[in-house]
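**Q** need a structure here:
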Amino acid sequence: MKALLSLILGYFIGNFNTAAVVGRVKKVDLKQEGTGNLGATNTTMVLGWKSGALVMVLDILKSFFSGKLAQLLFPQLRIAGMLACIGAMLGHCFPVLLHFKGGKGLAAFGGLVLSYKPLFAPIMLFSALAVMFALDCGVAFPLFVGLSFPALALLFHGTAAEVITAAAAGLLLCALHIGNVKKAMAHDESMRVREPFRRLICRK
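**A** Here you go, the predicted structure:
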């Protein structure tokens, strides 16, 4: 029951979609612009990096807050925080208040990592960036962090329940990006990262 309540708690907090709020403030319907996703990446594409960064930070924080709140409410359940963060991912990606059309869950996944073990965040971030640029493929980032999370949990002596929950969260993240995986396999130019990054840093 505590596990289910943790998931439900996170789901309802995850329903607060920061991209939708920022879009309303800017008078832009992000569901009708760019990729149509209500997440940090599409916000950046449509409204610029400042709005995108704001959405990313707030999405990380809502997941992180969900995890910490569940830990306080259900201290006897060691994975309560992790489950709440997974719930926040689901609420972010499939928000009932927005007809189940949200984002891709990467920032919310980041909140899970920070809530569980902050040390993992820089390891995963810089390793995933290196892989992404080496392969020149944006979707490599979420796939790498999704698969590396349970590996790190196991390496750092997480309990069986923690490793299994980390694996479930990682597989969920990978599944949420399956559309981008198909684009990458079809050599869609939108999945490339080196040239867009070069243009960004060279922009005056």
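**Q** avg pLDDT for stretch 16-30?
**A** The average pLDDT within stretch 16-30 is 89.
**Q** Buried residues of that stretch, list them for me.
**A** Going by neighbour count (16 or more other C-beta atoms under 10 Å), the buried part of stretch 16-30 is 16-20, 22-23, 28, 30. Where you see a C-beta, it was placed from the backbone N, CA and C, and this is true even at glycine.
**Q** got those as JSON lines, with secondary structure columns?
**A** Formatted as JSON lines, those follow (DSSP: H, G, I helix; E, B strand; the rest coil):
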{"residue": "Phe16", "secondary structure": "coil"}
{"residue": "Asn17", "secondary structure": "coil"}
{"residue": "Thr18", "secondary structure": "helix"}
{"residue": "Ala19", "secondary structure": "helix"}
{"residue": "Ala20", "secondary structure": "helix"}
{"residue": "Val22", "secondary structure": "helix"}
{"residue": "Gly23", "secondary structure": "helix"}
{"residue": "Val28", "secondary structure": "coil"}
{"residue": "Leu30", "secondary structure": "helix"}
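**Q** Just flag the most distant two among these.
**A** Phe16 and Val28 (18.4 Å; C-beta to C-beta).
**Q** Touching, Leu147 and Ala169? I think so.
**A** No - using C-beta atoms under 8 Å, Leu147 makes no contact with Ala169, being 11.0 Å away.
**Q** Near Lys50, how many other residues are there?
**A** Neighbour count for Lys50, taken as other C-beta atoms under 10 Å: 11.
**Q** So which elements touch the host helix or strand of it?
**A** Assigning secondary structure by DSSP states H and E places Lys50 in helix 49-73. On a contact count with 3 or more C-beta pairs under 8 Å, 6 or more residues apart in numbering; DSSP states H and E, helix 49-73 meets helix 2-14, helix 18-25, helix 40-47, helix 80-93, helix 106-116.
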